[in-house]
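Visitor: quick one, structure for this:
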Amino acid sequence: MSMERTATGYKSVIKPTPGRVVWFHPPVDGQMALNGSEPCAALITYVWSDTMVNLVAFDHNGVPHSRTSVLCSDDGEAPGNASWWWEWMPYQKGQAAKYEATTEGKDEVLQAMVDSGNRK
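Guide: As a prediction, the model looks like this:
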């Protein structure tokens, strides 16, 4: 799966949309981190960009916490100086990698078809 590091996190082939389930990494010493550095389940509630979302994260007891402007990171480390971040779950990353592998090169073929149709 192609991952591009940007100033505001990582941009992946997966597009965040409201309602998607992701992993949220709270600060280890914060109120949500009841079980060390294990991620919390979260739902995306608003999308600012491919790398920044608002979400509701559930701590390890299931208590909801809203967080705004949360950056994405797919390398397991906080992007920049962020104290919390979100990432896609391993299954989602695997599905995106499979999709990318099956469509590799097809974008160029489709663009060539569009271009040839525009010449007529």
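Visitor: quick check: pLDDT value at Ser108.
Guide: You called it Ser, but residue 108 is Glu. As predicted, Glu108 sits at a pLDDT of 66.
Visitor: relative to Asn54, how far out is Tyr99?
Guide: Remark: distance between Tyr99 and Asn54 (CB to CB, to the nearest Å) = 26 Å. Every residue, glycine included, has its C-beta placed from N, CA and C.
Visitor: which one of the two has more residues nearby?
Guide: With other CB atoms under 10 Å as the criterion, Tyr99 and Asn54 differ in neighbour count, and Asn54 comes out ahead with 16 against 13.
Visitor: isn't that one right up against Ser69?
Guide: Yes - the pair formed by Asn54 and Ser69 meets the contact definition of CB atoms under 8 Å, at 6.9 Å.
Visitor: in which helix or strand does Asp115 reside?
Guide: The secondary structure element spanning Asp115 is helix 106-118 (assigned by DSSP states H and E).
Visitor: quick check: what element follows the worst-scoring helix or strand of the chain on mean pLDDT along the chain?
Guide: Averaged element by element with mean pLDDT, DSSP states H and E, the chain has its least confident helix or strand at strand 9-12 (a mean of 50). Downstream of strand 9-12, the next assigned helix or strand under DSSP H and E is strand 21-25.
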